[in-house]
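S.K.: predicted model, plus sequence, below.
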Amino acid sequence: MKALLLYPEFPDTFWSFKHALKFVRKRATLPPLGLLTVASLLPGDWERRLVDLNVQKLSAKDISWADIVLISAMAAQRSSSQDLIARCRAAGKTIVAGGPLFTAEPEEFPEVDHLVLNEAEATLPPFLRDLGEGRARRVYASEERPDIRRTPAPLWELASMRRYASMNIQFSRGCPYDCEFCNVTALFGRRPRAKSAAQVIAELDGLYALGWRGSIFFVDDNLIGKGRVLREELLPALIAWREGKRGISFYTEASIDLADDEELIRRMVAAGFDTVFIGIETPDEAGLAECSKHHNRGRDMIADVSRLQRAGLQVQGGFIVGFDSDTPAIFRRQMEFIQKSAIVTAMIGLLNAPRGTRLHERLGREDRLLGRITGDNADGTMNFVPRMNWDTLRDGYRDLVRGIYAPGAYYRRVRAFLREYDPPRIEVSMDWAGLAAFARSVVGLGVFGRERFHYWSLIFWTSFRRPTLLRMAIVLAIYGHHFRKIYARVGAP
């Protein structure tokens with residue numbers, strides 16, 4: 001069998017970094033880890049070909065080559081997925097689909113021949129068995145939480161690695177918390193499951209052998225959810241593995257209670273982690289109680305963020321407005337929190353209710369649902385009727401996101417972050433790619449950008465005050481350009 005693995009195109013979103021990637025001549029942030037893992041689960045005698053539409057075009061020859069087409073996608077890729085399915089259907093190909101989009105909305109894709117849903121380790125083997133025997137069903141679903149210590153390494157060699165800004169890897173699945181709006185527990189459960197340290201190291205060895213020398217994203221929704229295994233097994237192994245290896249760094253996601261464990265923070269930084277995304281959501285206690293974000297309640301989260309950043313972990317934050325308990329004062333409070341915390345990368349979205357979440361169930365009972373989520377958490381849309389007047393919410397959100405990323409506010413936040421960020425070691429020298437990105441930023445931001453005064457002020461300030469962080473200052477300036485482009489569309493006609 002010849003298997004064509006297709007990854008649909010993402011629209012221009014907050015996390016696409018589309019407007020930043022052009023400065024480093026990359027096409028996408030990350031390769032499709034799920035599909036690369038599925039590729040490793042296919043029979044050994046199958047031929048495999050990956051086409052990620054975020055980095056290359058799908059040709060008629062690719063489709064003609066295939067005996068079977070496998071598509072995986074998230075909600076934000078819905079439109080591109082529909083186009084791909086129609087194209088492959090017209091070519092008479094057998095289409096197999098899985099991943100979060102199809103697991104949440106199987107009934108929306110009648111043109112798909114086979115839906116292999118939930119976790120592939122549980123549903124792909126029976127599908128492949130039945131396919132080989134000529135009796136494959138249309139839907140394969142399972143509530144099983146497979147042991148990922150038996151999951152094979154992704155086939156990164158199928159990806160055009162040079163086209164990506166980062167690589168990705170998975171240590172664990174699941175999260176011990178159960179936030180009302182989050183579908184992680186619906187997809188992966190509340191009992192985190194982890195790979196062995198030996199597995200992770202073997203996967204890193206594979207990436208390194210293929211020539212990767214950049215950042216690597218641990219895609220875990222909460223890396224510290226499996227805290228004992230992380231502390232006692234993975235981090236010591238990572239520290240030993242990175243010895244003598246230049247150019248490798250890690251970033252991930254974690255809950256705010258990471259800030260309570262100074263020893264764990266120290267070990268993570270020693271292992272090469274330099275950035276962590278944290279779902280802060282809101283500084284309002286009523287909002288945190290409403291969404292069951294109990295581990296964020298009663299905390300000085302600004303102090304938590306500062307503790308992490310001083311230790312060498314840049315904090316990226318997720319923020320939400322549109323909770324039932326929100327009043328018009330929430331927009332000012334969010335603005336003040338983000339500025340005081342010096343969180344440079346602040347993803348601010350309107351609340352949405354994905355299928356499978358307790359929020360979706362509650363809003364369904366209250367007859368407030370409006371339809372599907374777009375999957376783009378920064379496009380200014382909601383899929384339910386909010387309690388706050390919609391015009392007030394829409395206008396407040398628009399003013400908040402534009403204000404946060406206005407050059408003055410953004411560059412003040414960058415400088416405040418650089419003042420307190422204190423990694424134990426950092427690579428100061430720039431390679432040719434870094435120098436080229438700097439040159440492009442000079443032209444794009446320092447000459448033609450409306451933020452050019454702020455840009456040059458930051459460059460000179462960093463050069464004299466924090467010269468070892470000059471590369472980071474340039475990266476954050478480029479990020480700001482992307483974020484302004486993304487949020488400029490909110491409220492636009």
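M.R.: That came through, no problem.

S.K.: per-residue pLDDT, Pro424?
M.R.: The score at Pro424 is 82. That number is its pLDDT.

S.K.: that one touches Arg267, doesn't it?
M.R.: No: using CB atoms under 8 Å as the test, Pro424 is too far from Arg267 to be in contact (11.7 Å). All C-beta spots, glycine's among them, are computed from the backbone N, C-alpha and C.

S.K.: now do the shared contacts for those two.
M.R.: Residues touching both Pro424 and Arg267 (CB atoms under 8 Å, 6 or more residues apart in numbering): there are none.

S.K.: which SS class is Gly287?
M.R.: Classification of Gly287 using DSSP: H, G, I helix; E, B strand; the rest coil returns helix.

S.K.: test my guess that it contacts Thr327.
M.R.: No: the pair Gly287 / Thr327 is not scored as a contact, 10.1 Å apart, by CB under 8 Å.

S.K.: who's more crowded, the two?
M.R.: Neighbours were counted for Gly287 and for Thr327 using other CB atoms under 10 Å; Gly287 has more, 23 against 14.

S.K.: residues contacting that one?
M.R.: 281, 320, 323, 325-326, 330.

S.K.: equivalent analysis for Tyr164, please.
M.R.: Tyr164 touches 26-31, 55, counting by CB under 8 Å, 6+ apart.

S.K.: hey, what's it bridged with?
M.R.: On the basis of DSSP bridges, Tyr164 is bridged to Ala28.

S.K.: need the pLDDT of it.
M.R.: For Tyr164, the model assigns a pLDDT of 98.

S.K.: how much space between it and Arg129?
M.R.: Taking CB to CB, to the nearest Å as the criterion, Tyr164 is separated from Arg129 by 33 Å.

S.K.: same deal with Trp65?
M.R.: Taking CB to CB, one finds Trp65 at 25 Å from Arg129.

S.K.: excluding its backbone neighbours, what's nearest Trp15?
M.R.: Thr29 (7.0 Å; CB to CB, 6 or more residues apart in numbering).

S.K.: which pLDDT value belongs to that neighbour?
M.R.: At Thr29, pLDDT is 98.

S.K.: contacting residues for it?
M.R.: Neighbours of Thr29 in contact, by CB under 8 Å, 6+ apart: 15-17, 21, 164-166.

S.K.: rerun that using 7 Å as the cut-off
M.R.: Residues near Thr29 by CB atoms under 7 Å, 6 or more residues apart in numbering: 15-17, 164-166.

S.K.: swap in Ala303?
M.R.: By CB under 7 Å, 6+ apart, the contact list for Ala303 is empty.

S.K.: repeat for Val55
M.R.: Val55 neighbours (CB under 7 Å, 6+ apart): 27-28, 160, 163.

S.K.: show me the two of the residues you listed that sit farthest apart.
M.R.: Pairwise distances across those (CB to CB) peak at 9.7 Å, for the pair Ala28 and Ser160.

S.K.: more crowded one of the two?
M.R.: Ala28 (24 against 14).

S.K.: domain map for the protein?
M.R.: Annotated domains of the chain cover 2-140, 166-404, 432-488 [automatic domain parsing].

S.K.: to Thr151, which of those domains lies closest?
M.R.: Thr151 lies closest to domain 2-140 among the domains of the chain, at 5.8 Å (CB to CB).

S.K.: straight-line length of the closest one, end to end?
M.R.: End-to-end span of domain 2-140 (CA to CA, to the nearest Å): 21 Å.

S.K.: and the helices in the stretch 201-350 of the chain, which stretches?
M.R.: Assignment of helices within the stretch 201-350 of the chain using DSSP state H, counting those that start in this stretch yields the ranges 227-229, 235-242, 262-271, 285-290, 301-311, 330-341.

S.K.: how far away is the closest residue to Gln77 other than its chain neighbours from Leu101?
M.R.: Once flanking residues are discounted, Gln77 sits nearest to Pro8: 4.0 Å by CB to CB, 6+ apart. For Pro8, the distance to Leu101 (CB to CB) stands at 9 Å.

S.K.: common neighbours of those two, please.
M.R.: Common contact partners of Pro8 and Leu101 (CB under 7 Å, 6+ apart): 73, 77, 81.
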